[in-house]
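Asker: got a predicted structure plus its sequence, pasted below:
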Amino acid sequence: MKKVSVFIVDDHYMVVEGIRSLLQNEKDIEWSGHATNGSSCRAFLKQHQPDVILMDINLPDISGIDLCKEIKEKYPRVMILGLSTFNQFSYIEKMMNNGASGYVIKNAGKEELLEAIITVNNGKNYLSDEVSQTLRKPEASGILLTRREKEILLLIAEGKTNIEISRQLFISVNTVDTHRKNLLLKFESKNIASLVRKAAQLELI
C-alpha cells in the first residue's frame, strides 16, 4: 500500500512539531514537510504535490481559506484538511466551499487525525464529531435573529408577500421590507431563494 504523503501549513512551531511527532512513525504516512506561510507553501507545491495538506486558517500572509481555494484550482488532486482552533460555522463553511475535503480542530487526537487523513485521501469528506455538531447548531452559525425577524423569516419561507406579512403581523409594509433586507444581510444572501435555503440548512425554519 502506497504511503500517504502529508504536508502541513501552519505558522506555529509547536503545532507543526506536535503533529509531526504524532505522524512520523505511522507506517501508512509519509511526512513531506511544512510551510509557515502561503508563499513557502506555493514554492513547495511547484516542486512537490503531497496527497494531503493540513491547512491552518490563520496564516501571516494569506487566509488559509483563500489559499485552499488557490491550491485546489491549481492542484485539484491535492486533498486539503482545514486545521484550526476555530470551531465556528462560518470558518468551516467557507473552508469546505473553497474545496477542503475536511475540517479538524487542533485538539484532535492521533487516531482522529489519522482517520481524517486516510478518509480525505480516499476521496471522501471528513468532519470531526465536534465540527459536525457545530454545523448542526443554528446558533453556531453566528446568525442571531430577533423574535420579529424569526416571525418574518418563517412567513417569507411560506411564500408570503410583504403586504401579506404586514397584515398578519399588524406592522407597516416598510417595516417588513426593512426586516427582509436585514435578513438578506445577516444570511449573506443575494435573494430570497438563497435566504430560505440557508435558513433551512441551519434548521431555522
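Answerer: Thanks, I have it. Residues are numbered from 1 along each chain as shown.
Asker: list the buried ones in the helix or strand hosting residue 195?
Answerer: Remark: residue 195 resides in helix 192-201, with elements defined by DSSP states H and E. When burial is assessed from 16 or more other Cβ atoms under 10 Å, helix 192-201 yields the following buried residues: 195-196, 198-199. Bear in mind the C-beta positions are built from the backbone N, C-alpha and C, glycine included.
Asker: and that helix, C-alpha only, in CSV?
Answerer: Below are the C-alpha coordinates for helix 192-201, written out as CSV (Å, rounded to 0.1, in the frame of the first residue of the first chain):
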residue,chain,number,x,y,z
ILE,A,192,-34.9,35.2,-1.1
ALA,A,193,-34.4,31.7,-2.5
SER,A,194,-30.8,31.7,-1.2
LEU,A,195,-32.0,33.1,2.2
VAL,A,196,-34.7,30.4,2.6
ARG,A,197,-32.2,27.6,1.6
LYS,A,198,-29.6,28.8,4.1
ALA,A,199,-32.2,29.1,6.8
ALA,A,200,-33.4,25.6,6.1
GLN,A,201,-29.8,24.2,6.2
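Asker: break the protein into its domains for me.
Answerer: 4-137, 143-201 (automatic domain parsing).
Asker: list the buried residues of the lowest-mean-pLDDT helix or strand in the chain.
Answerer: When each helix and strand of the chain is scored by mean pLDDT, DSSP states H and E, helix 129-136 comes last, with a mean of 76. Using 16+ other Cβ under 10 Å as the test for burial, helix 129-136 gives 131, 134-135.
Asker: where do the helices of this protein begin and end?
Answerer: For the chain, helices defined by DSSP state H occupy the ranges 13-23, 38-47, 64-74, 89-97, 110-121, 129-136, 147-157, 162-169, 173-186, 192-201.
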